[in-house]
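Participant: Here is my input; please provide its structure:
(3 chains)
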Amino acid sequence: MRQAATILTFDTPGRGFTEITRDVVDWLGGTGIAEGLLSLLCRHTSASLLIQENAARAVRHDLGEWLERLAPEGDGYAHDDEGPDDMPAHLRATLTGVTLSIPVMRGRMALGTWQGIYLAEHRRVPHRREVALQVIGE
Amino acid sequence: MRQAATILTFDTPGRGFTEITRDVVDWLGGTGIAEGLLSLLCRHTSASLLIQENAARAVRHDLGEWLERLAPEGDGYAHDDEGPDDMPAHLRATLTGVTLSIPVMRGRMALGTWQGIYLAEHRRVPHRREVALQVIGE
Amino acid sequence: MRQAATILTFDTPGRGFTEITRDVVDWLGGTGIAEGLLSLLCRHTSASLLIQENAARAVRHDLGEWLERLAPEGDGYAHDDEGPDDMPAHLRATLTGVTLSIPVMRGRMALGTWQGIYLAEHRRVPHRREVALQVIGE
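Facilitator: Modelled structure (predicted):
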């Protein structure tokens, strides 16, 4: 049993979902670990990680609009030091979460056919975001 | 230190919560791993996993109704290829999440007394769902 | 590769967020595991775990108010055996989740600069809560 870890960096274009599945697959392949557990942590409080549909683009569109309805801007927040999109970004990140754990089987993540890993940017403007990856296995 | 993994299949009766704790306990017992970490992944984008109260049935009833209010059908979604319950199912799955990680201590999951593991089906009709399980320990 | 596990106990003051980062850091330091994976499980169904901003206190204030709006008391719940704050507590715990998995690198959790680990109490009155911790690594 052994392990590997890294921190990957992604430039987001502002609010929306960046698929990172391919980057994760590439790094995992390089570790040579074929059976085990992969864990991911988004190192931010206004961006998050989620696993969702990787086929229909409309799903991400609707997901983004739903998050905006559930945690709207300009809602009388106490915390607005960084602008009106800051606190809603924290709320949307809390709803979706920042950690994932994914079994690895026969050299591949055990994701379903339609599942992709997304980095969700909740701030309006582009940001550089870090995701920590760790795998244990053999 | 060693590991084991499998994919369990569950037939859901349509929208609602299927307790899978017993199935997970049975599989875990067969691995002989008594101390370690168990990880679960629901391999779908319109079903999800959660840990909640396993005693009062009314809790799941209220939880289901709350998810329906938070992500209602017929809300002008762009994605409706598979019917009006499809996009709300993706949203409810995103809110609850598809991965869990549970410490295993002295041969048992470290769940609290009232905690059970549930597979949440968010589509209206019955589906066959897969959950990937992986355990590392000794 | 080796592992360690424990259960930490926290007394919450009632509804709100208790930062437990320092307690987790202290326990992790004592295990001597510098590279690996740390997993946490909140063993309750009306309290939960989340990673959020550890600087501005207003963020937790707004987060608390948002959770109260999203899952309000007195909303015609079927489950109210333990009072009007019980079912909303289950809903808020479901939204935020009860498990976290955090890579450990060079002797430290790979959290971002502004990230802290919080135990969220969703019941009105003080409770004693247990969090199970497990780390695998070397």
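
Participant: Correct me if wrong: A:Thr99 contacts A:Ser39.
Facilitator: Yes: with contact defined as C-beta atoms under 8 Å, A:Thr99 counts as touching A:Ser39 (7.0 Å). C-betas here are computed from N, CA, C, even on glycine.

Participant: Check which helices and strands the lengthiest helix in chain A sits against.
Facilitator: Counting residues, the longest helix found in chain A (DSSP state H) is helix A:57-70. If contacts are counted by 3 or more C-beta pairs under 8 Å, 6 or more residues apart in numbering or on different chains; DSSP states H and E, helix A:57-70 sits against strand A:16-19, strand A:47-53, helix A:86-96, helix B:86-96.

Participant: Which of these sits closest to A:Leu67?
Facilitator: helix A:86-96 (4.6 Å; C-beta to C-beta).

Participant: Report whether that closest one contacts chain B.
Facilitator: Yes: with C-beta under 8 Å from any C-beta of the partner chain as the criterion, chain B is reached by helix A:86-96 at A:95-96.

Participant: which helices and strands sit right next to that helix?
Facilitator: So helix A:86-96, by 3+ C-beta pairs under 8 Å, 6+ apart, packs with strand A:47-53, helix A:57-70, strand A:115-121, helix B:86-96, strand C:47-53, helix C:57-70, helix C:86-96.

Participant: Now with 7 Å, please.
Facilitator: strand A:47-53, strand C:47-53, helix C:57-70 (3 or more C-beta pairs under 7 Å, 6 or more residues apart in numbering or on different chains; DSSP states H and E).

Participant: Quick one: those as CSV, columns for mean neighbour count too.
Facilitator: Formatted as CSV, the helices and strands packed on helix A:86-96 follow (neighbours: other C-beta atoms under 10 Å in any protein chain shown):
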stretch, mean neighbour count
strand A:47-53, 25
strand C:47-53, 25
helix C:57-70, 18
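
Participant: right, so of the ones you listed, which gets closest to B:Pro88?
Facilitator: That would be strand A:47-53 among the helices and strands packed on helix A:86-96, by C-beta to C-beta, at 13.2 Å.

Participant: residues in contact with the closest one?
Facilitator: A:40, A:42, A:59, A:63, A:93, A:96-98, A:100, A:114-122, A:127, A:129, B:45, B:90, B:94, B:98 (C-beta atoms under 7 Å, 6 or more residues apart in numbering or on different chains).

Participant: Quick check: the spatially most central residue of chain A vs C:Glu65, distance?
Facilitator: Nearest residue to the geometric centre of chain A (C-alpha atoms, centre = their mean): A:Leu49, 2.2 Å. From A:Leu49 over to C:Glu65 the distance is 25 Å, taken as C-beta to C-beta, to the nearest Å.

Participant: Likewise for A:Thr31?
Facilitator: On the measure of C-beta to C-beta, A:Thr31 and C:Glu65 end up 43 Å apart.

Participant: about what we covered before: would you list the helices and strands packed on helix A:86-96 in a markdown table and tack on distance to A:Met1?
Facilitator: Shown next, in a markdown table, are those (distance: least, C-beta to C-beta, whole Å):
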| stretch | distance to A:Met1 |
| --- | --- |
| strand A:47-53 | 25 |
| strand C:47-53 | 27 |
| helix C:57-70 | 38 |
